[in-house]
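Student: This is the structure alone, sequence omitted:
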């Protein structure tokens, strides 16, 4: 691990003591958000040290001009950047004309807390100004879950050793830049700045995409807890609106500023309404008041935790880690808007751009599906359904026809953004995840209606892609898929990647299964879908030639599916035997050396076996795990969780726990030396899976039966988790000696625990 | 073909009539140079239409910051750009204050000629100015071969219908930019501007590389052919020096300006000498005078042609084409400076950057070796010898050890510049070409001393690379080379590319052969080289394990070497069956589709068979030609010549001729729609090879015996070529009925013609 300064605590992320070296890391770790918008934990007051400013609005992006070395036909013109949005949190503070700046003051008693149970961020410190004044500062800030366009700040300053003038200058700043800009261009234009009594608004728009955003603030003051009336001195500059308040403060007094902020955008309103809606939002927030707003926030988070919490006894760092993962996932995506998705950095940074990767289908859907109402997972599926047209266009650009779809590697609006050929054009396995996401959802919810109404169109388009993308090899007398990159991105342009071929075959088979089910049970829909997709039964026979005769690289001697053709030509030296000085290989080795090595960045054959574990015998799982695990370097955040789950599945609990530790505190302990860039949001869903699917052994296959196989790491006393299964709230508790199931809900749940069928009535506890 | 405006002529490239659409293409085609410097055929006077300005100095480059999408470990920091250098040709002309500009005047009788026999460029036209004045202009310009830092311009203006004022404003302009700049940065700094009596100089330096360049001019005037004295009005701006001469011209009079220019650089002089050397150069040139300078130019080119010309009877376009190729090769590289090399665009454009590719060893050495003194080819080899240290460093960056060398894909000073991983790191076959170049040179010249003094160190370092780069495959029980790109760049990251494996095996074998020869015949050198390279005999045994047990992909049924593992899994549809609307595939298809297709960009297996034709039976050549030729799209300029030569070798003259036509007028007829970017210089050597090695069947293998097998395309009456073979000037003539050999030189030549040994005494003609 790289950093170790976060104080272990069951419900909070805590930083104790100020260290300028940790500012950017903490800005990531203490990020706050509500699924619609979010921000890094930047200071409200001026800070002249190293900082990475970021505030983001879901769905608002900029199509930055693609940067490549040598342009290749088919590259997208742009890469959608997550956009740093106008700053509404800023409050410049001056004491007798001297700026409060943690980089120039002498700081003590610095404490920062992100309270995950209640959803707020606080900070307190004692500062001695260069000019000698001593102050105590206490701040609290949150982004409201209930009023999802609003955030609130309480910022209190106590004069310890002086009486004099204190200046508060809350501002809105639309002159912001992106850290991650390909050509250092400016992405925003300021359209209008409106001032008013203690409230104001800036209307800006993004260049090219023309998203319009209203950013508003409203401020009020209290002295020693009593509200006071005061009015501002207004400064309007080209891109900023600043209100200056010069107040007199007496020694021992505390003056508090309350600042309410709001983002509203043209995603939800007409452009001409934005200013008034934003101003109305902040005015309403001020009316409700900071404390009442905070109470709604605490209630909202209590509701979220009710069906999402995981309790671990006997390991406080593991407890903190898993709650941090669950908290960040909820801050990133709440599931209420089918236009939004789960960016790899959420609202904690800009890296990777775009909002949507195959991470959503492969990792995130299980989490949201099991911790929220089924409508949330459905919204994630609808996101892809709504982008089907773009996926078909994308496939057409690459020469596919007849409604075949290739979903993008990275996207905001359905268009491909990624521009490295080996990923963009070749990492096509992502297309299989789109269908797997539907399969997973239908298994869990038994909502086959989704397939009938929406999913089947996606499934057909993807099956068409695989049919066209495979080709018949005369040499093998089978169908092959050439020139792909599998989930293991440390191999490029390989032939017959097991995972890809397996998903391709399965997608076609699942498509045919679904078509048959719809034909027999929803005859009208069947005709409608065939007409809409221009599909004939004869075409499906063509698909099935490919699925029936798909080639898989297999070594008879080792009885092993190979990751791709020729894998056994490599030098097979276990990761353990690599000198630590050469790891991580992606920082130490040139790309060609990585490519021709046997080292696996993230689960690949094993990812396939994880998805379809019920299709492989335990012996097969063991054999493949024992071959591939020692060659896997886990240099993707998405890898350890899959290995953890499979290890638990084949009763290798020490290995399962080792991999769990790696995934659960990845950001808190900064394993990858990069937390300053933001948190690894999507892999956090993998951490959740490691417990629920790994240790807990939860599975739901096509038959819809809920299975558990609870095991517990030797290091823990107990753990428990809660899931929402078809509207039933089910709690699972496992200690070193006991295993209990509790059904909080209205209907009876039938489930299998270690292959034994049990039944739990509402509000009953079953011990197994 | 795309353009068809060049007038066929045996010795000249001629453009008749002005068409603004052709200006940029003509700027490329009419380029002039002398191996040390060169320039596009830009107009001297102002031109407000579309133009691509370019003047280049051999060896002067700028390390432009690399542009990539996603940075990969091992990428070079910079890409060396061929640098547009300060403009010395400019002469602004005004008639009664109106600018002469072909874009605004009415132009007739426009003619441009590049006289390849004599090495000059001329232009004449009749212009009616917007203000009604009519003038006739005649210009002639050349870059001196004899005085290789000097160029000269004669620019004559005749007043046809007026008397009045004519202003000549010759200038130097150091405020030039590169068309090809990754981040639109400025590459030059102006240090000093010196003016004098009709002469002046600008001293500039390149940023980062700090090359200093002095650019000088000296001007004089004549009225109706009689020299006049006049003095300038001087204007010194930030980056320009302009001399203005206002003269009176009478109707019917002709006023001529002579402008002499010079580049001198810190490659050859101390920085502080540059201004005086440059001024001295132009002053000396003026003293010699335009006509006398031109006469030395004509003589110099006559000498070049003496040992390089190819005469074709019965096909004037073929005649013009081959001379254009030979002329441009000589303009690009004269072989007198071992620091210079042959850039893919020579001095005709900026594209591709760098100066040195494997084109030099694979294509250009045969041409320079057979048309010039042996010292020229030797200089090309020494260039690589001198960069051996950088090649070893380059290999170290990629994890190789113990003095293994990987020569760069593109370079100026020996450092790698290219930055696409599939090329930079994987197109390693180039390393074999370094050794093949030596082998080729030794066979042709029998100068084994070169190996002893220099070459063996390169050969050892390359053998070490191949030994380390191959790995033992337990599955195959042989050595394999994984993750490469072969000469066919339409395949990336493939395993066991036949060409690469063949060269790797051969390089080791040749290294061992050379070591044995040196051991037995040059014992002292042997010890010296072993000590210098820290080589033990035991290490060579390790190498030989790899060469003895190298794996080659081979299909038993078809008795065919496969281009790489798995090639026969592709859909094998001949190029002929592709709709023309889908070609060239590199413009119509996305990269992944190209990669997984069977289509071959340029000779790959066949390139290997061409290099080592004596190791394969005619049946093998036929079989592989018949398999690979129909799959080859020849979308590299370097491809058709190899197919042409092999086709001739297996008696397929119609195919040989078809491929010859494609290579020989590639630029003149602009087959690839890109001549405006510059000419394809290195492939011009391939055109020469198509005649001499293809139709002429010239071969020299290890035994040093000169072989011919002259054939003639049905379309030609006759052709003849001249070669310099170990100091003997040999002429070969072939008509439809006759075949003759003539030895101009002092010693007897023994050779084989169609396997029959003949002998030619000096100044004798032999008919076979």
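Tutor: Perfect, I can see it now. On a predicted model such as this, the values are computed, not experimentally measured, just so you know.
Student: switch to C-alpha atoms for all contacts and neighbour counts from now on
Tutor: OK.
Student: From the contact counts, what lies against the worst-scoring helix or strand of chain A on mean pLDDT?
Tutor: Taking mean pLDDT, DSSP states H and E as the measure, chain A has strand A:78-82 as its least confident helix or strand, at a mean of 86. If contacts are counted by 3 or more Cα pairs under 8 Å, 6 or more residues apart in numbering or on different chains; DSSP states H and E, strand A:78-82 sits against strand A:61-65.
Student: Relative to the whole chain's centre, how far out is the strand it packs on?
Tutor: Chain-centre distance of strand A:61-65: 20 Å, with Cα atoms, centre = their mean, to the nearest Å.
Student: Need the contact partners of that strand.
Tutor: Residues outside strand A:61-65 that contact it (Cα atoms under 8 Å, 6 or more residues apart in numbering or on different chains): A:77-83, A:181-183, A:187, A:206-209, A:354, A:412.
Student: and the direction of it versus that of strand A:78-82, what angle?
Tutor: Using axes from the mean of the first three to the mean of the last three Cα atoms, to 10 degrees, the inter-axis angle of strand A:61-65 relative to strand A:78-82 is 140 degrees.
Student: my guess is residue A:472 meets residue A:478, correct?
Tutor: Yes - here residue A:472 lies in contact with residue A:478, judged by Cα atoms under 8 Å, at a distance of 5.9 Å.
Student: mind listing what the residue in the stretch 251-400 of chain A that chain B sits nearest to touches?
Tutor: Taking Cα to the nearest Cα, chain B has its nearest neighbour within the stretch 251-400 of chain A at residue A:398, 5.4 Å off. Neighbouring residues of residue A:398 by Cα under 8 Å, 6+ apart: A:74, A:425, B:589-590, B:593.
Student: Report the contact partners of the closest residue to residue A:202 other than its chain neighbours.
Tutor: The shortest distance from residue A:202 to any non-neighbouring residue, by Cα to Cα, 6 or more residues apart in numbering or on different chains, is to residue A:193 (4.5 Å). Residue A:193 sits next to A:200-203, A:236, A:239-241 when contact means Cα under 8 Å, 6+ apart.
Student: Mind checking which of these are buried?
Tutor: A:200-203, A:239-241 (16 or more other Cα atoms under 10 Å in any protein chain shown).
Student: Which pair of the residues you listed spans the longest distance?
Tutor: The span of the buried ones among the contacts of residue A:193, defined through Cα to Cα, is set by A:200 and A:239 at 12.9 Å.
Student: Following element in sequence after the one helix or strand residue A:660 maps to, please.
Tutor: Assigned by DSSP states H and E, residue A:660 belongs to helix A:653-664. Using DSSP H and E, the helix or strand that follows helix A:653-664 towards the C-terminus is helix A:681-689.
Student: can you map out the strands along the stretch 51-200 of chain A?
Tutor: A:55-57, A:61-65, A:78-82, A:91-95, A:98-99, A:106-115, A:120-128, A:134-143, A:150-159, A:164-173, A:188-195, A:199-206 (DSSP state E, counting those that start in this stretch).
Student: Contact distance from chain B - what residues of the stretch 51-200 of chain A qualify?
Tutor: With Cα under 8 Å from any Cα of the partner chain as the criterion, the stretch 51-200 of chain A comes near chain B at residues A:66-70, A:72-74.
Student: Quick one: distance of stretch A:414-423 to the chain centre.
Tutor: Chain-centre distance of stretch A:414-423: 19 Å, with Cα atoms, centre = their mean.
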